[in-house]
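Trainee: Following is a predicted model, sequence given first.
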Amino acid sequence: MESNNVLEMKNISKSFPGVLALQNVQFTLRKGEIHGLMGENGAGKSTLIKVLTGVHEFESGEIYLEGKEKAIINHSPQEAQENGISTVYQEVNLCPNLTVAENLYIGREPRKFGMIDWKTMNKKSEELLKGLDINVSPSQMLDECSLAIQQMIAIARAVDMNCKVLILDEPTSSLDDEEVEKLFRLMKRLKSEGVGIIFVTHFLEQVYEVCDRITVLRNGEFVGVYETRELPRVMLVAKMMGKDFDDLADIKSAHEGNKFDDEKVPVIAAKELGHRGTIKPFNLEIKKGEIIGLTGLLGSGRSEMVRAIYGADKADSGTLKYKGEDVKISSPLDAMKLGMAYLPEDRKKDGIIADLSVRENIIIALQAKRGMFKPMSRKEMEEAADKYIEMLQIKTASRETPIKSLSGGNQQKVIIGRWLLTNPEYLILDEPTRGIDVGTKTEIQKLVLDLADQGMSVTFISSEVEEMLRTCSRMVVLRDGRKVGELSGDELTQETVMKTIAGGEESDD
């Protein structure tokens, strides 16, 4: 083994009931390199990381660290940490009821006379946060911080643990462009200090911006390792998907027949609707069969706008008409009974019910809509689950598999199936493709266009402007909790969207 390698994983195999997750997978990480780990959801990326960090035991294979002759066959998460392996997962894994400083040093608190030395801990936290340009007080409660700040705190904790191997699993999925740049500067600094970084992301641009090499997995198998500069993007996607890459830049063209009727009564008509502290009063109309995109930087008010419509945050100003009728929505259940559905941004917190099966997760919204006195029969449940497993191509061993065993992209499909089962007329999708692979993203985009063709109205929120340009007939731009513009037709270009986000005037539309 070359002395330049900080990590080598050889012939790693791991299986779960009914699924061979990894089969003879190879992975090598050099000192002072940023190495992209790529593959579709279900390719085995997360499983490989969990094997490396001791979360999962593996059946066969060997792990070598820093050229040591003795292989690690299996180890615990604590041993992995002691060996200099630190991980920041896609879903922020911190304690919301503790302060920032407590989260940074939990389990390794500085002590004096056997007691936690709060003064030292806060001082060290302040120095660490300042060094990473994270503008937050060590004494602030974590649940008062934005998702982006929580992500940066998780990264700061990992960096501070003197790691030799830093694993970043979708670390940028909740960060805006400026925060991504901060993270990349930090990654490059750590690289120059000899740290090996494993970078898992679905943003191709980011891989080509910071990665030296790329390892591709597909269906739990090793496809190859490539120098980034020698691998064209189209070839990378082809290797991930296992087929020639069909350019999907204009999937909307196949749906040009979708001309929603502008004369019909809008499905949604919000007038001066708002919620104090989250979204300033706004006007919005959505026609039958129309796909409206909400865009803006992190914290602009995209999610807050749909939460006010759906009743997740009860509106305290303005009025809402649903299919021409005045409605008062006090809770999500009110919205659901009217024919609305909402797929939330944080699938771990608000979406999946981890310990329930795929079947139970699919039927739960329809059962809630029906009420406790109209229970679904077991046969109805099974038929519904099977229908959406097949329709959405959900990769699962069976309908009774716990949803927590599925990959992130397949969990997202289950939640989409849950809401489609309620047969909604208005569907809200908040970051439906965040953290999932190129192939599944495309399937979801095509599904949204198909649903609109069938007359469903959709609000689509995504941090990727290109994705919304491919799917939306109109885009609403938000900034600082306020609607600042609407774009349609020839205005739907990346340049116009960016200009409007950066300096659009407030719209009264």
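Mentor: Happy to help now that I have it. Residues are numbered from 1 along each chain as shown.

Trainee: where along the stretch 301-450 of the chain do the strands fall?
Mentor: Counting by DSSP state E, counting those that start in this stretch, the stretch 301-450 of the chain has strands at residues 317-322, 325-327, 340-343, 426-430.

Trainee: Pipe those into JSON lines and attach mean neighbour count and mean pLDDT per row.
Mentor: In this view, the C-beta of every residue, glycine as well, is placed from N, C-alpha and C. JSON lines is the format used below for these (neighbours: other C-beta atoms under 10 Å; pLDDT from 0 to 100):
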{"stretch": "strand 317-322", "mean neighbour count": "17", "mean pLDDT": "95"}
{"stretch": "strand 325-327", "mean neighbour count": "11", "mean pLDDT": "94"}
{"stretch": "strand 340-343", "mean neighbour count": "24", "mean pLDDT": "90"}
{"stretch": "strand 426-430", "mean neighbour count": "25", "mean pLDDT": "93"}
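
Trainee: could you dump those strands to TSV with distance to residue 483?
Mentor: Shown next, in TSV, are those (distance: least, C-beta to C-beta, whole Å):
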stretch	distance to residue 483
strand 317-322	12
strand 325-327	21
strand 340-343	19
strand 426-430	16
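
Trainee: Out of the ones you listed, which is closest to residue 15?
Mentor: strand 340-343 (31.0 Å; C-beta to C-beta).

Trainee: Direction included, what does that closest one pair up with?
Mentor: Neighbouring strands of strand 340-343 in its sheet, by DSSP bridges, are strand 426-430 (parallel).

Trainee: Quick one: work out the angle between the strand it pairs with and strand 317-322.
Mentor: Computed by axes from the mean of the first three to the mean of the last three C-alpha atoms, to 10 degrees, the angle separating strand 426-430 from strand 317-322 equals 120 degrees.

Trainee: on that earlier part again, kindly state which of the strands of the stretch 301-450 of the chain is positioned closest to residue 56.
Mentor: Here strand 340-343 is closest among the strands of the stretch 301-450 of the chain (C-beta to C-beta), at 28.8 Å.

Trainee: hmm, who's touching the closest one?
Mentor: Residues outside strand 340-343 that contact it (C-beta atoms under 8 Å, 6 or more residues apart in numbering): 306, 309-310, 312, 322, 332, 335, 351, 365, 412, 415-416, 419-420, 422, 424-430, 432.

Trainee: returning to that earlier point: which one, of the strands of the stretch 301-450 of the chain, ends up nearest to residue 401?
Mentor: strand 340-343 (20.6 Å).

Trainee: and the closest one, C-alpha only, in PDB?
Mentor: Output of strand 340-343 as PDB, limited to C-alpha atoms (Å, rounded to 0.1, in the frame of the first residue of the first chain):
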ATOM      1  CA  MET A 340     -54.400  19.900  -0.600                       C
ATOM      2  CA  ALA A 341     -51.200  17.900   0.000                       C
ATOM      3  CA  TYR A 342     -47.800  19.000   1.300                       C
ATOM      4  CA  LEU A 343     -44.500  17.200   1.000                       C
END
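
Trainee: ok so residue 281 is a helix residue?
Mentor: No: assigned with DSSP: H, G, I helix; E, B strand; the rest coil, residue 281 falls outside any helix and is strand.

Trainee: so how many other residues sit close to the residue nearest to it when sequence neighbours are not counted?
Mentor: Excluding the flanking residues, the one nearest residue 281 by C-beta to C-beta, 6 or more residues apart in numbering is residue 274, at 3.7 Å. Residue 274: 22 surrounding residues under other C-beta atoms under 10 Å.

Trainee: tell me how far the helix or strand of the chain with the lowest mean pLDDT is from the chain's mean position?
Mentor: The weakest-scoring helix or strand in the chain, judged by mean pLDDT, DSSP states H and E, is helix 233-241 (a mean of 76). In terms of C-alpha atoms, centre = their mean, to the nearest Å, the centre of helix 233-241 is found 21 Å from the chain centre.

Trainee: so what does the next helix or strand after that helix touch, helix or strand wise?
Mentor: Downstream of helix 233-241, the next assigned helix or strand under DSSP states H and E is strand 268-275. The contact analysis (3 or more C-beta pairs under 8 Å, 6 or more residues apart in numbering; DSSP states H and E) places strand 268-275 against strand 279-286, helix 302-310, strand 317-322.

Trainee: Please identify the deepest-packed of the ones you listed.
Mentor: Among those, ranked by average contacts under mean count of other C-beta atoms under 10 Å, first place goes to helix 302-310 (a mean of 25).

Trainee: can you pull out the helices in the stretch 301-450 of the chain?
Mentor: 302-310, 332-338, 358-370, 378-391, 408-421, 438-453 (DSSP state H, counting those that start in this stretch).

Trainee: my bad, should have said the stretch 101-250 of the chain
Mentor: Going by DSSP H, counting those that start in this stretch, the stretch 101-250 of the chain shows helices at 118-131, 147-159, 177-192, 204-210, 233-241.

Trainee: Any idea which of those gets closest to residue 57?
Mentor: When the helices of the stretch 101-250 of the chain are compared (using C-beta to C-beta), the closest one is helix 147-159, at 22.8 Å.
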